[in-house]
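Enquirer: Okay, structure incoming, though there's no sequence with it:
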């Protein structure tokens, strides 16, 4: 049994609390929030857990093995650092930190102490993304060509962070997991239509060492809700539509091939190219519908128990923060190319 | 009756021929193509027209008032220049020319001779785009915030031009017509997955003097066909989905407002912002379903008859070519920002 | 304050309990279920209410004004009759009773005692159906022509009732409310593919005194989920698609008119008919998104307070039961026409 | 080379003419229409064919092997009978005849003379329906449970026939081909909203010897266009959506099973039923996109050449006419059950 303390009972915290409370490898030991009313309400639902207004009470408890941090991003670094220094394993909400320096320091601190540091990149644990990962790894897509993601809605405007820091952690972590390659450069553009200084629309483009590219559209001010990702391979292509209630993943047996053919009729231009198209069946695999957080909590507990790196460890969190930071830098400089 | 000669009987030419043949203000006098079999086939369908393999036969005919050029883009400049120098009015397929220098020269030549020079930006003449234009001009969208366009498909690969020169003339001319503003800077990125040197996917971003932005996704290698444009205003927003058989235009009574409110409780942070959302009815206006080319041919004939500039004149063609050229330049330089 | 006791804490009961608990005109006084574990669980969430395993405890409480019955349909008649005889107002789940004789008796008993008797035809209280009712009553649809409803899914098989008694109360009550006319005859056909004696697919057709007809498709064994109703008028038509997350109601300005024209050319066949089509805008009205049960509970409380008949009173419940009964009779007799 | 004469150059005739003209096993020898202008127009497109205003000219030509009849249904019987008596093979448009007596007589006449008699049930020859047939015949659907078809639109009103005779031949012939079983009884209901005596909406229900049922909704007065058929089997189910541009057929690996389990705990009620659901992948097979009429003309020619019955022979046409006739009879008698 791994003892767990959850810091932050706002929007996402209660979901984490519920999932750890239901996992038989965990013992929910502490619930913490500075808002007393919120703390009491959630405390009543989990009477076996202790409540605290100050997270330092949790860190001082020698019986507590791990903390889960679900507070605003600005507090992540301090809470996580204190927790690691107190010898606790840490699961932290995304985005991991507000900059890559903080992220790097946390990764190094946890490594130095042999503690598990995991970032809750929830989408990575959905049935859809895990199924796509299997398909990508099977090689049936062929060579990956591009990743194109659109996540737009008439969304809740955040007051402390812009649309990139709000929405991009989802798609960047999905891409990081599925593609498993590092971008070499990034450009991003955004615009502020509602509040000065807070971008509500942004486009991010990642370049890689070869012709693979990744592009993202984030938007809080769209009349329609779209959450769709295209993952194109040289042999097959996937459309991942997260709005679809059940048929979220579609695998298209479609492709284009350029065949270079020696031409008899022209010795100088010895090669001609023939582009041939292929359109076959579409396949909609059934997905595991387990709640993603069930897998998140299980992964955290298993990583602690087996002293192994979790799937979305601090290093994965750092990679995503590095991209967020670069996107912000590019936006601030009017779309400048940022080398990564 | 304005006498018309059409040069080029490939994919698009026969549609132009048919529309001019059916317009009672026009007399289809010449049909021209270097491919004899194609020329004969189309000639049989329009027995009243003369046929020619060499376009110079048309230019030498003093009875011919106007030529329509529907040939590959590389030939546009030469054919149009010769036609203008021969005193003919000119309607030319998009993209207008392969670079802005040629476009500018043609505009000046035609102006100097008092001849009508028009570019066939067909989409501008569709019922959908003309209806959107009316809505934009009525002011009911409020201030325009952004324009986001996606035109992707598993498309026919062109051998002589890339996806930008193939698809972007559609969306850039639509935006040019609807927004009626000049961009100040552009970035574009593309990638070649099938043939070296011919981009099959590209993203183009336009910046304007204020916070308005326009973004475009062009793609020949998508598993799904999408042709959708978002035109967001501060009061209402439009989704233009060209795949929809009849309900192509949807007007959303949706918006977000930032209200700055003086806070009594806090003298230092004297102003707080309150973001309020508004969601109302959706309205799907009925559209004129007349074939766009019927309006194109009528506009060309009417501009000639009334010695006025057509809606999509050479200057509009030049603006679009300037953007295509800048997009290519940005792509070639790895996404560099191009000042316009 | 009207005191409320809810009998039955299964699937639907907790929703009713929550809505009455939140209504300031009501005081949730009793919760009743024979399953002790279920009763205790719900009791903890509403500590101000008393709990009982036997519904007769509620009826014996002189302070209790009204009971809400959310138990299996087979028990409705007995529980409701006992409650009315004990002087309680009654809100009862649909289907009201298992046959029209029971329904009629309950209506008469409640009338005789001046008690409110209401059936929870929930869909009647949704934002979508109330908006459609306004449109129908405004007259803008013209004369109503037909009502066509499809409610199919790979659904939960019920063990005690068939697909008609499970699903038809929804659509029959919606039709009863919107059309406000009585059918004169009914035919129905069904089939049992999974369990003998329990139809999992059924079609019901209602005839009215004129050319208006209503047709229903109910199905527990469909690969796709469809909940769509067409309500056609002579001037406009409505599509009500309950699967759509927000755009559930679409009003089509479409119609067909038969114009009888006197023909000059033929004196014998003096009249010719010219059918003319009309296709105009589509309009998607914004809907009230309040939970339907909030309106249900408010309607029940207001009807009691003002001693008026509720919108979906026992007579409405009786009308729906009469149709269910006739549908079953027709199915059992192989699609025989049942006069109503 | 089989010589072909086509009678009727209205809506469908030109498509038949073109397909026979393009088939190398056929020689288009005659084109016939009473409307001279129409005849001349189509004659110019096929200069190798002779033209006739009177179909008897074709029948008198000893070099002519086969006639294709694409005239209004009221003329089918007479034209076909004369053709058969003149020794010609016959391909005839659907609906085959206006009643089953005529259909039976034509079948017998053709049989007696060893002539090919085929009905153009075009949909049977589409890539979608042929692919579904393969799936049905492979047995992977398990036992067929029901067939549910909806074909509705704001359609062209016919003046001589009602919606059943206009639309039902499509779906009845598809069902006849796919299910390959004879119904034992039929009920149908319709209503006339535009013109007295001409039903514009109709529902048809077929009963079979076991629990398999088939239901059809035909409608000329729907605000939306739907052409969708559900074909449910005990193991898998198909949705055939003819509106979809490419993904017309979807195979759902879904089902419900009733498992009868002996219960230890209750000797009296010795068997309990456990309904178990299964939801798996969805598969969208690629379809042959050849024009259906190419297969129709090839089948006719091959049947003649090999003296074999065509896939949709006169007997198939008779089966469909028998159902149309019964549907009309049931409608006329207010939904009466008709034994077949």
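Expert: Arrived safely, thanks for sending. The model shown is predicted, which means the values in this text are computed figures rather than measured ones. Numbers count the residues shown, from 1 in each chain, chains lettered A, B, ... in the order given.

Enquirer: same for the helix or strand of chain A with the lowest mean pLDDT, what does it pack against?
Expert: Least confident helix or strand of chain A, by mean pLDDT, DSSP states H and E, is strand A:271-284 with a mean of 78. In terms of contacts (3 or more Cβ pairs under 8 Å, 6 or more residues apart in numbering or on different chains; DSSP states H and E), strand A:271-284 is packed against strand A:249-262, strand D:271-284. To be clear about C-beta, it is placed using only N, CA and C from the backbone, and glycine gets the same treatment.

Enquirer: what are the pairing partners of it, and which direction each?
Expert: Applying DSSP bridges, strand A:271-284 is found paired with strand A:249-262 (antiparallel), strand D:271-284 (antiparallel).

Enquirer: Sticking with residue A:240, tell me its helix or strand.
Expert: strand A:237-241 (DSSP states H and E).

Enquirer: wait, does that strand make contact with chain D?
Expert: No: Strand A:237-241 lies out of reach of chain D by Cβ under 8 Å from any Cβ of the partner chain, never closer than 11.9 Å.

Enquirer: rewinding a little: deepest-packed of the strands paired with strand A:271-284, please.
Expert: Stretch with highest mean neighbour count among those: strand A:249-262 (a mean of 17; mean count of other Cβ atoms under 10 Å in any protein chain shown).

Enquirer: Just want the angle from the least confident helix or strand of chain A to strand A:237-241.
Expert: Angle between the axes of strand A:271-284 and strand A:237-241 is 40 degrees (criterion: axes from the mean of the first three to the mean of the last three Cα atoms, to 10 degrees).

Enquirer: Next secondary structure element downstream of strand A:271-284?
Expert: Next in sequence after strand A:271-284, counting helices and strands by DSSP H and E, comes helix A:292-305.

Enquirer: what's in contact with that following helix?
Expert: With contact meaning Cβ atoms under 8 Å, 6 or more residues apart in numbering or on different chains, helix A:292-305 is reached by A:2, A:15-16, A:19-20, A:22-23, A:25-26, A:65-66, A:68, A:89, A:91, A:116, A:118, A:120, A:122-123, A:125-127, A:130, A:308-313.

Enquirer: Any of the residues you listed buried? List them.
Expert: Burial by neighbour count, judged by 16 or more other Cβ atoms under 10 Å in any protein chain shown, picks out A:2, A:15-16, A:19-20, A:23, A:26, A:65-66, A:68, A:89, A:91, A:116, A:118, A:120, A:122-123, A:125-127, A:130, A:310-313 from those.

Enquirer: Can you pull the phi/psi pair for the residue in the stretch 1-150 of chain A positioned nearest to chain D?
Expert: In the stretch 1-150 of chain A, no residue comes nearer to chain D than residue A:131, which is 10.6 Å away by Cβ to the nearest Cβ. Backbone dihedrals for residue A:131, given as degrees, to the nearest 10, come out at phi -70, psi -40.

Enquirer: Give me the neighbour count for it.
Expert: As a burial measure, residue A:131 scores 19 neighbours (other Cβ atoms under 10 Å in any protein chain shown).

Enquirer: Tell me the residues of chain A that contact chain D?
Expert: Applying Cβ under 8 Å from any Cβ, one finds that chain A approaches chain D through A:246-247, A:253, A:279-286.

Enquirer: at 7 Å what do you get?
Expert: For chain A, the residues in contact with chain D (Cβ under 7 Å from any Cβ of the partner chain) are A:247, A:279-286.

Enquirer: wait, isn't residue A:208 in contact with residue A:184?
Expert: Yes: with contacts counted by Cβ atoms under 7 Å, residue A:208 reaches residue A:184, the gap being 6.0 Å.

Enquirer: Who has more neighbours out of these two?
Expert: Taking neighbours as other Cβ under 10 Å, residue A:208 and residue A:184 compare with residue A:208 leading, 19 against 12.

Enquirer: give me phi/psi at that one?
Expert: Residue A:208 adopts backbone torsions of phi -120, psi -180, taken as degrees, to the nearest 10.

Enquirer: residue contacts, it?
Expert: When contacts are counted by Cβ atoms under 7 Å, 6 or more residues apart in numbering or on different chains, residue A:208 touches A:181, A:183-184.

Enquirer: before we move on, what about residue A:116?
Expert: Contacts for residue A:116 (Cβ under 7 Å, 6+ apart) come out as A:89, A:303-304, A:310.

Enquirer: thinking again about what came up before, what comes into contact with the least confident helix or strand of chain A?
Expert: With contacts defined as Cβ under 7 Å, 6+ apart, strand A:271-284 is touched by A:247, A:249-263, B:154, B:157, B:194-195, D:247, D:281-286.

Enquirer: Show me what the helix ranked longest in chain A is packed against.
Expert: Secondary structure of chain A per DSSP state H: the longest helix is helix A:314-332. Judged by 3 or more Cβ pairs under 7 Å, 6 or more residues apart in numbering or on different chains; DSSP states H and E, the packing partners of helix A:314-332 are helix A:100-113, strand A:117-120, helix A:163-179, strand A:185-191, strand A:338-339.

Enquirer: for the last one, packing partners?
Expert: To tie it back to what came earlier, the one meant is strand A:338-339. Counting contacts by 3+ Cβ pairs under 7 Å, 6+ apart, strand A:338-339 is packed against strand A:185-191, helix A:314-332.

Enquirer: ok now stretch A:30-42, how far from the chain's centre?
Expert: 27 Å (Cα atoms, centre = their mean, to the nearest Å).

Enquirer: and if you look at stretch A:20-40?
Expert: Distance, centroid of stretch A:20-40 to centroid of chain: 24 Å (Cα atoms, centre = their mean).

Enquirer: Quick check: end-to-end length of it?
Expert: Stretch A:20-40 has an end-to-end distance of 18 Å (Cα to Cα, to the nearest Å).

Enquirer: which one is residue A:284 nearest to, not counting chain neighbours?
Expert: Excluding its sequence neighbours, the residue lying closest to residue A:284 (Cβ to Cβ, 6 or more residues apart in numbering or on different chains) is residue D:282, at 3.7 Å.

Enquirer: Can you list which of the buried ones among the contacts of helix A:292-305 are found in strands?
Expert: Among the buried ones among the contacts of helix A:292-305, DSSP state E puts A:2, A:26, A:66, A:68, A:89, A:91, A:118, A:120 in strands.

Enquirer: could you dump those to JSON lines with pLDDT?
Expert: Formatted as JSON lines, these follow (pLDDT from 0 to 100):
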{"residue": "A:2", "pLDDT": "97"}
{"residue": "A:26", "pLDDT": "97"}
{"residue": "A:66", "pLDDT": "98"}
{"residue": "A:68", "pLDDT": "98"}
{"residue": "A:89", "pLDDT": "98"}
{"residue": "A:91", "pLDDT": "98"}
{"residue": "A:118", "pLDDT": "98"}
{"residue": "A:120", "pLDDT": "98"}
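
Enquirer: Can you tell me which of those residues is nearest chain C?
Expert: Distance ranking of those against chain C, using Cβ to the nearest Cβ, places residue A:26 first at 22.8 Å.
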